[in-house]
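[1] kindly return the folded structure for what I paste below:
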Amino acid sequence: MDQLPQTAPSKDDCNIAMLAHLLGIFTFFVGALIIWLIKKDESPFIDDQGKEALNFQITIALACVVASALTIVLIGMLLFPLIMIANFILCIVGAMAASKGQAYRYPFALRLLK
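    Below is the predicted model:
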């Protein structure tokens with residue numbers, strides 16, 4: 001795993017990283033993708049947290065696809081609210097950590113972008 005720089009990220013970097021996490025609540029992976037693509041070269045902290053938010057939102061999207069397939073046996077209807085609640089809570093926790101300049105790792109996420 002790549003190490004973050006020893007210097008603390010600037011407040012602007014923290015705010016942009018926080019936004020990458022928060023946008024997942026409303027835009028799923030699109031918001032995190034846009035922020036990561038635009039700002040990844042400007043700050044190692046934004047690059048790291050943007051990838052983390054994007055990986056988590058891709059995981060959430062895949063979970064929604066699985067839940068959609070499982071609606072045939074009615075389990076999917078129970079999974080959708082759980083997925084959305086987990087997305088909301090974990091995005092808030094990630095945003096709070098990023099706003100403090102701490103690198104956040106979601107407890108479960110496919111690490112597609114390294």
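
[2] could you export stretch 77-88 as CSV, CA atoms only?
    The C-alpha trace of stretch 77-88 is given here as CSV (Å, rounded to 0.1, in the frame of the first residue of the first chain):
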residue,chain,number,x,y,z
MET,A,77,-36.2,-5.9,-1.1
LEU,A,78,-34.6,-6.3,2.4
LEU,A,79,-31.1,-5.8,1.1
PHE,A,80,-31.7,-2.4,-0.6
PRO,A,81,-32.5,-0.5,2.6
LEU,A,82,-29.6,-2.1,4.3
ILE,A,83,-27.2,-1.2,1.5
MET,A,84,-28.5,2.4,1.4
ILE,A,85,-28.2,2.8,5.2
ALA,A,86,-24.6,1.4,5.2
ASN,A,87,-23.7,3.7,2.3
PHE,A,88,-25.1,6.8,4.1
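
[3] so which bits of that stretch are buried?
    For stretch 77-88, the buried set under the neighbour-count rule, 16 or more other Cβ atoms under 10 Å, comprises 79, 83, 86-87. The C-beta positions use only the backbone N, C-alpha and C, and glycine is treated the same way.

[4] please flag which of those sit within helices.
    In this view, the buried residues of stretch 77-88 that belong to helices under DSSP state H are 79, 83, 86-87.

[5] coming back round to it: among the buried residues of stretch 77-88, pick out the one closest to residue 25, please.
    Checking these against residue 25 with Cβ to Cβ, the nearest one is residue 87 at 6.6 Å.

[6] tell me who's in contact with the closest one.
    Contact analysis of residue 87 by Cβ atoms under 8 Å, 6 or more residues apart in numbering lists 24-25, 60.

[7] residue 97 now?
    103-104.

[8] follow-up on the earlier one: the contacts of residue 87, buried ones only, as a PyMOL selection?
    Command for PyMOL that selects the buried part of the contacts of residue 87, burial taken from 16+ other Cβ under 10 Å:
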select buried, resi 24+25+60
